[in-house]
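Chemist: For reference, the sequence and a predicted model appear below.
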Amino acid sequence: MENVKKFLEKQKLRSSDVDMENLVGIFTEEMINGLEGKRSSLRMIPTYIEADNDFLTDTPVLAIDAGGTNFRAALIRFSRSGKIEYGKIVNERMPGLDSEVSAKEFFRTLADYVKHLAVETDRIGFCFSYPTEILPNRDGKLIQFCKEVQAPEVVGQLIGKNLIEALGTPVKYLVLLNDTVATLLAGKSASLNKSYDSFIGYILGTGTNTCYIEHNNRILKNKNLNQDRSQIINIESGNFGKAPRTELDLVFDNSTMNPGNYTFEKMFSGGYFGGLCLSVLKAAADEGVFSEQMRRDLINVTELSSNDANSLLSDRSTEEGKLKGCLRLRQDEESCKLIINSLIDRAAKLVAANIAAVVLKTDKGKFPGRPILITIEGTAFYKLHNLKVFFEKYFTEYLIGEKKRYVEFTEVPQSSLIGAALAGLIN
């Protein structure tokens, strides 16, 4: 165990190697630079969705959630009492998964999925979780699809406009948003019966992102905004580029398909955490932390999922995992657990710094009767062993004294659909 501790100290892979005060300051500075149009790793993308406004009740809205390989839709309404009512959820596959499709075929397929619902309302909230440039009219142009969807003609197209045209119905009120913004809005659906000072949405799943509500007079890069209003800002926090990366973080980053991009999420998100663990374990083996047998066995392990890495700490059987055959000795297994646990502990502190910076940037939540509601979604946040526990410790310890803020955390089932519905109902 002493060898493991020395290795973690040498490589600066412990939570104690993260200066949270400094990190929060740098993250905040990047947020401000992004809002002002200066060079920044945080894009601070305006969404033109004014979440502080009231939303319509007892009004049906077509909520759509498209992301990855899945397409879901439902007709939803919010009662005056705050109850959410929605019909049967449509579950389909995104077009273009099996073969390339044209733009016309892509939008026609989406329209066919929801035509029977669209006739019931003149409002649509569309959670479209692919890289998209959101426009002031709340429509958006697709920047790129993920690798699963093959529809190159759709790139650069207006998503909402083309969907409405494919529906062949009169012009509808449509709002396009991403899953992090939907997560924030899903939390807002709980505000009917309680007073909150502001809202934050956070996702830690395959990737990570954060959004919050910012006053327009602080968004200096856009001079045409109503200076008396506020809107949701999509931070794109996974691309934060000034986290305290170690030599091994750089080695792992250079092994990914897009080195130098979204380096923050490569330190802890579900899509990368397993790969980072494997890279660190191999480095530890090369430094003599494990037995010679394990070092040789690790050479043949070419990939490790986050679930494989996490299962070792959760005391689930690793017989079918990628580490099968490597952990022959009890000491190797314990050393491996200590390294992975240290990476999760570090991850929790990075996440705490991210969210704490956003909480302080809102300048809200200063009174216990009006807390900030933080809605968190994503399997990595809730499933990585003890990450949530470690996070709560660092987050609470940091927001004390002059930095004291009152917050509540929530998780909302069907958050993407609920958030999309609310977006379509905001006045």
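Modeler: Perfect, thanks for sending it. Residues are numbered from 1 along each chain as shown.

Chemist: contacts, neighbours, all on C-alpha from now
Modeler: Noted.

Chemist: Point out where the stretch 101-250 of the chain drops to low pLDDT.
Modeler: Low-confidence segments of the stretch 101-250 of the chain, defined by pLDDT under 70, span residues 147, 192.

Chemist: Okay, strands next: where are they in the chain?
Modeler: For the chain, the strands defined by DSSP state E occupy 45-46, 61-67, 70-78, 84-86, 90-93, 123-128, 132-134, 140-142, 173-177, 198-204, 208-215, 230-234, 372-377, 407-410.

Chemist: what pairs with the last one, and is each one parallel or antiparallel?
Modeler: Right, the one you point to is strand 407-410. Applying DSSP bridges, strand 407-410 is found paired with strand 372-377 (parallel).

Chemist: Tell me the confidence at residue 318?
Modeler: Looking at residue 318, its pLDDT stands at 48.

Chemist: ok, back up a step: a markdown table for the strands of the chain, including distance to residue 333 and mean neighbour count?
Modeler: Shown next, in a markdown table, are the strands of the chain (distance: least, CA to CA, whole Å; neighbours: other CA atoms under 10 Å):
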| stretch | distance to residue 333 | mean neighbour count |
| --- | --- | --- |
| strand 45-46 | 44 | 20 |
| strand 61-67 | 37 | 26 |
| strand 70-78 | 37 | 21 |
| strand 84-86 | 47 | 14 |
| strand 90-93 | 41 | 15 |
| strand 123-128 | 42 | 26 |
| strand 132-134 | 44 | 20 |
| strand 140-142 | 46 | 20 |
| strand 173-177 | 44 | 25 |
| strand 198-204 | 27 | 26 |
| strand 208-215 | 29 | 24 |
| strand 230-234 | 41 | 23 |
| strand 372-377 | 31 | 24 |
| strand 407-410 | 35 | 15 |
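
Chemist: Between those strands, which one is closest to residue 258.
Modeler: Closest to residue 258 of these is strand 208-215 (CA to CA; 15.9 Å).

Chemist: orientation of that closest one relative to strand 372-377 in degrees?
Modeler: Put simply, strand 208-215 runs at 150 degrees to strand 372-377, going by axes from the mean of the first three to the mean of the last three CA atoms, to 10 degrees.

Chemist: which other residues reach strand 208-215?
Modeler: Strand 208-215 is contacted from outside by 51-52, 180-181, 184, 198-203, 227-238, 265, 269, 355, 358, 362, using CA atoms under 8 Å, 6 or more residues apart in numbering.

Chemist: Quick one: closest of the strands of the chain to residue 342.
Modeler: Across these, residue 342 has its closest neighbour in strand 198-204 (18.2 Å, CA to CA).

Chemist: Could I get the CA-only coordinates of the closest one as PDB?
Modeler: Only the C-alpha atoms of strand 198-204 are listed here, as PDB (Å, rounded to 0.1, in the frame of the first residue of the first chain):
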ATOM      1  CA  SER A 198     -32.300  30.500  -9.100                       C
ATOM      2  CA  PHE A 199     -31.800  27.200 -10.900                       C
ATOM      3  CA  ILE A 200     -28.800  25.300 -12.100                       C
ATOM      4  CA  GLY A 201     -28.700  22.200 -14.300                       C
ATOM      5  CA  TYR A 202     -25.800  19.700 -14.200                       C
ATOM      6  CA  ILE A 203     -25.100  16.500 -16.100                       C
ATOM      7  CA  LEU A 204     -22.400  13.900 -15.400                       C
END
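
Chemist: Now do that strand: which elements does it pack against?
Modeler: Secondary-structure packing of strand 198-204 (3 or more CA pairs under 8 Å, 6 or more residues apart in numbering; DSSP states H and E): helix 179-188, strand 208-215, helix 330-362, strand 372-377, helix 379-383.

Chemist: quick check: angle from that strand to helix 179-188?
Modeler: Going by the same axes, to 10 degrees, strand 198-204 makes 130 degrees with helix 179-188.

Chemist: Quick one: residues in contact with strand 198-204.
Modeler: Counting by CA under 8 Å, 6+ apart, 52, 180-185, 187-188, 208-213, 269-270, 355, 359, 362, 364-365, 371-381 sit against strand 198-204.

Chemist: And for stretch 22-40?
Modeler: For stretch 22-40, contacts defined as CA under 8 Å, 6+ apart pick out 41-44, 218-221, 235, 240, 242-243, 353-354, 356-358, 361.

Chemist: PyMOL command for the buried members of these?
Modeler: Remark: buried members of the contacts of stretch 22-40, expressed as a PyMOL selection using 16 or more other CA atoms under 10 Å:
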select buried, resi 41+42+43+44+219+220+235+240+243+353+354+356+357+358+361
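
Chemist: Distance from stretch 375-384 to the middle of the chain?
Modeler: 9 Å (CA atoms, centre = their mean, to the nearest Å).

Chemist: One more: stretch 188-202?
Modeler: With CA atoms, centre = their mean as the basis, the mean position of stretch 188-202 lies at 18 Å from the chain mean.

Chemist: Can you check the distance spanned by that stretch, start to finish?
Modeler: Distance between the two ends of stretch 188-202: 13 Å, counting by CA to CA, to the nearest Å.

Chemist: again with stretch 280-299
Modeler: First-to-last residue span, stretch 280-299, CA to CA: 13 Å.

Chemist: quick revisit: need the strands of the chain in JSON lines (columns: distance to residue 314).
Modeler: Compiled in JSON lines, the strands of the chain are given as follows (distance: least, CA to CA, whole Å):
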{"stretch": "strand 45-46", "distance to residue 314": "38"}
{"stretch": "strand 61-67", "distance to residue 314": "29"}
{"stretch": "strand 70-78", "distance to residue 314": "29"}
{"stretch": "strand 84-86", "distance to residue 314": "35"}
{"stretch": "strand 90-93", "distance to residue 314": "32"}
{"stretch": "strand 123-128", "distance to residue 314": "33"}
{"stretch": "strand 132-134", "distance to residue 314": "37"}
{"stretch": "strand 140-142", "distance to residue 314": "40"}
{"stretch": "strand 173-177", "distance to residue 314": "35"}
{"stretch": "strand 198-204", "distance to residue 314": "19"}
{"stretch": "strand 208-215", "distance to residue 314": "23"}
{"stretch": "strand 230-234", "distance to residue 314": "33"}
{"stretch": "strand 372-377", "distance to residue 314": "21"}
{"stretch": "strand 407-410", "distance to residue 314": "24"}
